[in-house]
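Asks: structure of the sequence below:
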Amino acid sequence: MDSFASSVAATEKPKSHITIEPFDGVVNVTYSDAVIASSQRALLLREGSYEPVFYIPFEDIYFTFLRKTETTTQCPHKGVATYWRATAVGESMDDVMWAYEQPYEGVAPIAGHGAFDPKKVRIEAVDNKTDKSIDN
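Replies: Take a look at the predicted model:
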């Protein structure tokens, strides 16, 4: 490989197999018995062998329960994620929600959306097509 080709290869973002589609149903997120998000406009992001992730529009997230933390992470496919802490019913937990506020072009639809850690919150989704409930 010549030096030009190797320098181009070093600066290209890695390819990924990410799909983003509207979820036809309702997604509710609870933390400590408080509903912190509820949406009929969620997006479902699938990335390789990872579990699918719901991204909920900021307008459907109850930010009165959330405060941004200092935590950030870098994803080679989506960009820089910022995180939020949840406080409800006398309990608090760091980094329950993340968002890619300026995502890479290939995943631009998730801008203005937040995703929740299923190990820290309860996520319930009801699919309108099947009327089937999906819980974490």
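Asks: how many neighbours does the nearest residue to Val89 once chain neighbours are set aside have?
Replies: Excluding the flanking residues, the one nearest Val89 by CB to CB, 6 or more residues apart in numbering is Ser32, at 4.3 Å. To be clear about C-beta, it is placed using only N, CA and C from the backbone, and glycine gets the same treatment. Residues lying near Ser32 (other CB atoms under 10 Å) number 16.
Asks: contact partners for Ser32?
Replies: By CB atoms under 8 Å, 6 or more residues apart in numbering, the contact set of Ser32 is 86, 88-91.
Asks: quick one: buried residues of stretch 122-136?
Replies: For stretch 122-136, burial by neighbour count (16 or more other CB atoms under 10 Å) applies to 122-123, 125-126.
Asks: can I get it as PDB, trimmed to CA atoms?
Replies: Output in PDB follows, covering the C-alpha atoms of stretch 122-136 (Å, rounded to 0.1, in the frame of the first residue of the first chain):
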ATOM      1  CA  ARG A 122     -36.900  -0.600  33.200                       C
ATOM      2  CA  ILE A 123     -37.700  -0.400  29.500                       C
ATOM      3  CA  GLU A 124     -41.100  -1.600  28.300                       C
ATOM      4  CA  ALA A 125     -42.000  -1.500  24.600                       C
ATOM      5  CA  VAL A 126     -45.300  -2.600  23.200                       C
ATOM      6  CA  ASP A 127     -45.300  -3.400  19.400                       C
ATOM      7  CA  ASN A 128     -48.400  -2.100  17.700                       C
ATOM      8  CA  LYS A 129     -48.200  -4.700  15.000                       C
ATOM      9  CA  THR A 130     -48.200  -7.700  17.300                       C
ATOM     10  CA  ASP A 131     -49.500  -6.100  20.500                       C
ATOM     11  CA  LYS A 132     -46.500  -7.900  22.100                       C
ATOM     12  CA  SER A 133     -44.800  -6.400  25.100                       C
ATOM     13  CA  ILE A 134     -41.000  -6.400  25.100                       C
ATOM     14  CA  ASP A 135     -39.400  -5.900  28.500                       C
ATOM     15  CA  ASN A 136     -35.800  -5.700  29.600                       C
END
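Asks: cool, thanks, signing off.
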